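In: take a look and give me a structure for this.
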Amino acid sequence: MPRLLCVCLLAAGVLPGAAETPEPGKAYFGRNRYVEYIAGDLPFVLSAPHGGREKPEELPDRAKGTFAFDTNTQELARAIDEAFVARTGHHPHVVICRIHRRKVDCNREIVEGAAGHPLAEQAWKDFQGFIRTAQQAVVARHGKGFYVDLHGHGHADARLELGYAHDRDEFALPDAELARPEFIKKGTLQFFALQDPAGYPALLRGPRSLGGLLEQAGFPATPSPAKPVPGSPYFNGGYNVRTHTAPGTGFAGLQIESHSKGVRDTEASRRRFAAALVEQLAAYLDAQMGIRLPTKPAAK
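Out: Numbering: from 1, shown residues only. Below you'll find the model as predicted:
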């Protein structure tokens, strides 16, 4: 049975009421089960802030902000978890907001995201607290980790939009500009990218970038060799990825904005994309961060 936890102290990385370390693969919940945390043991944290469907009456609708629902991103996050287990035999850490974005936006700062309502603020704190707890567990066990904040877009250009906290027009800058440490420090890969500034342009849009690897796996992406400069509109990374890859977290990461068809529209699409993402992440993390994911032993 999933375990219900009060997470009011999660900002400090504490799981009140749980004397033991959270068990990988077990689901833990914040207040009223509005936020779900699937504990993991891999150096990877995945969050899905806008895939919740529930609209509890105790939470008023937010009057201002963006309310778009990222269809099937909650389900895609669960498929990615399953793909990690299938490949490695281990779970990533997964944090899911189960309530609708109209009630709380867990990818905005708390004032906009919770609109001043104390119960919405608690849900927001549960979501952010679970991410921090997961990251602290990763750093304690592995020393470093990678974070992905998962979203969905409805733009006309059906490709994955990878957000590194750089504006779209900045990807058109000469390599010498992209390789400046001051520029790298604006992005979400700085944890390891600063070790090789000259390689940063290729890390963003070259063949061995995550966009390049995903394209090779059959999923068009930007920035990438095929489309090094994203089109407009383009989501370049919001509150979560900027916050949880900041200096001192021990994490690098990015925001993935996924189109629907062939990625999250059907269960088969989600499973296919999840398997490809995990396979390409394994290659990427090994090459770029020295993180080698385990391989699940073959069944006897």
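
In: what's around the closest residue to Ala276 other than its chain neighbours, how many residues?
Out: The shortest distance from Ala276 to any non-neighbouring residue, by Cβ to Cβ, 6 or more residues apart in numbering, is to Ala217 (4.2 Å). (C-beta placed from N, C-alpha, C; glycine too.) If you count neighbours by other Cβ atoms under 10 Å, Ala217 ends up with 16.

In: for Ile291, same thing?
Out: For Ile291, the neighbour count with other Cβ under 10 Å is 21.

In: surely it and Phe146 touch.
Out: Yes: the criterion here is Cβ atoms under 8 Å, and Ile291 meets it with Phe146 at 6.8 Å.

In: residues shared between the contacts of these two?
Out: Taking Cβ atoms under 8 Å, 6 or more residues apart in numbering as the contact rule, Ile291 and Phe146 both touch 43, 285.

In: re the thing from before, quick one, phi psi at the residue nearest to Ala276?
Out: Taking degrees, to the nearest 10, you get phi -90, psi 0 for the backbone angles of Ala217.

In: same question for Ile96.
Out: phi -130, psi 130.

In: with Leu150 instead?
Out: The phi/psi pair for Leu150 (degrees, to the nearest 10) reads phi -100, psi 130.

In: can you name the residues bridging to it?
Out: According to DSSP bridges, the residues that bridge with Leu150 are Ile256.

In: between the two ends of stretch 50-69, what distance do you get?
Out: 6 Å (Cα to Cα, to the nearest Å).

In: mean confidence score for that stretch?
Out: For stretch 50-69, the mean per-residue pLDDT is 96.

In: give the buried residues for that stretch.
Out: Buried residues in stretch 50-69, counted by 16 or more other Cβ atoms under 10 Å: 50-52, 59, 62.
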